[in-house]
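predicted coordinates and the sequence they were generated for:
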Amino acid sequence: MRTVTAAGGRNMRRGLVIACLSAGLTAGLTAALTGCGTRAANMALPDKHGHVRVAGATASRPSASRPSARALVIAAYEAYWRATNDALASRDATKARAIMAGHVPASSIPALVRGMRAIWRRDEIGYGSPVFHIISVKLTGPGRAAVHDCIDLSHTGFANQQTGQMVGGYGQSRDFLIITLALEDGRWLVTGAIQVVQRCSY
């Protein structure tokens, strides 16, 4: 694996994210970066680990009435990220498959688990938390939806478990993602992602 500096690797990692996503892996950037992370210089890791965060008022709130389709889509999108974090942290393929079931189509799980196995073999761990800045949710057809998120991935990535060295970052502070979801058997599942080459704001 080629060594790059932290500054020099930033654009390369961003390009690799796009390449890996377009290769057909589903929206989890943890899995999309598998095998695509580039080695960076030693840096201090963020203090907080593990859990996704939602900025502002974008989180879906419980309601006395039946949740709207928009609220269900947002909940599924957020749950996908949590499940991916939990599956990666499990360091166990069987547990990872069980965790991801119900968040992605069954056909996507083998690719996600293969990606996680590669991370585990390199003794890498995930760190940090993405922060959602959901711009819009669009119902694109019967049982189809898209979440437009100006996500902050600047404090998330991978580190060597033994040395603490950062070995790849997920993205930047304002990455414009369009995440697609499909309704299957009454559940919204994450089916894909597009990284838009355009600045977004929140």
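Now that the structure is in, tell me what you want to look at. Residues are numbered from 1 along each chain as shown.

any weak-confidence spans in this protein?
1-64, 170 (pLDDT under 70).

quick check, Ala145 in a helix?
No. Counting by DSSP: H, G, I helix; E, B strand; the rest coil, one finds Ala145 to be strand, located in no helix.

that one: neighbour count?
23 (other Cβ atoms under 10 Å). For every residue, glycine as well, the C-beta is placed using N, CA and C.

what ranges does the protein have for its strands?
53-54, 124-127, 131-132, 134-141, 144-151, 157-160, 166-169, 175-184, 187-196 (DSSP state E).

closest one to Ala83 among the ones you listed?
With Cβ to Cβ as the measure, strand 187-196 is the member of those nearest Ala83 (9.3 Å).

by contact count, what packs against the closest one?
Secondary-structure packing of strand 187-196 (3 or more Cβ pairs under 8 Å, 6 or more residues apart in numbering; DSSP states H and E): helix 6-22, helix 69-90, strand 175-184.

just the CA trace of stretch 171-185, in CSV.
What follows is stretch 171-185, C-alpha atoms only, in CSV (Å, rounded to 0.1, in the frame of the first residue of the first chain):
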residue,chain,number,x,y,z
GLY,A,171,-14.7,12.4,3.6
GLN,A,172,-14.9,16.1,4.3
SER,A,173,-17.1,18.4,6.3
ARG,A,174,-19.6,19.1,3.5
ASP,A,175,-19.9,16.0,1.3
PHE,A,176,-23.1,16.0,-0.7
LEU,A,177,-24.5,12.5,-0.8
ILE,A,178,-27.7,11.2,-2.4
ILE,A,179,-28.6,8.0,-0.8
THR,A,180,-31.3,5.8,-2.5
LEU,A,181,-33.7,3.6,-0.6
ALA,A,182,-36.3,1.1,-1.6
LEU,A,183,-39.3,-0.2,0.3
GLU,A,184,-39.2,-4.0,0.6
ASP,A,185,-41.6,-6.1,2.8
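
list the buried residues for that stretch?
171, 174-183 (16 or more other Cβ atoms under 10 Å).

what does that stretch contact?
10, 13-14, 17, 27, 29, 73, 76-77, 105, 140, 143-154, 156, 188-196, 198-202 (Cβ atoms under 8 Å, 6 or more residues apart in numbering).

can you check stretch 96-108 too?
25-26, 28, 76, 79-80, 83-84, 86-88, 90, 109, 112-113, 116, 182, 184, 187, 189-191.

could I have the buried ones of those residues as ChimeraX selection syntax?
The ChimeraX selection below is limited to those of the contacts of stretch 96-108 classed as buried (16+ other Cβ under 10 Å):
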select :25,26,28,76,79,80,83,84,87,88,90,109,112,113,116,182,189,190,191
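
tell me how far Leu189 lies from Glu124.
To Glu124, Leu189 is 27 Å away according to Cβ to Cβ, to the nearest Å.

my error: substitute Leu183 in the last question.
Leu183 is 34 Å from Glu124, by Cβ to Cβ.

can you put the strands of the chain in TSV and add distance to Ile99?
Shown next, in TSV, are the strands of the chain (distance: least, Cβ to Cβ, whole Å):
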stretch	distance to Ile99
strand 53-54	20
strand 124-127	14
strand 131-132	20
strand 134-141	23
strand 144-151	21
strand 157-160	18
strand 166-169	22
strand 175-184	17
strand 187-196	13
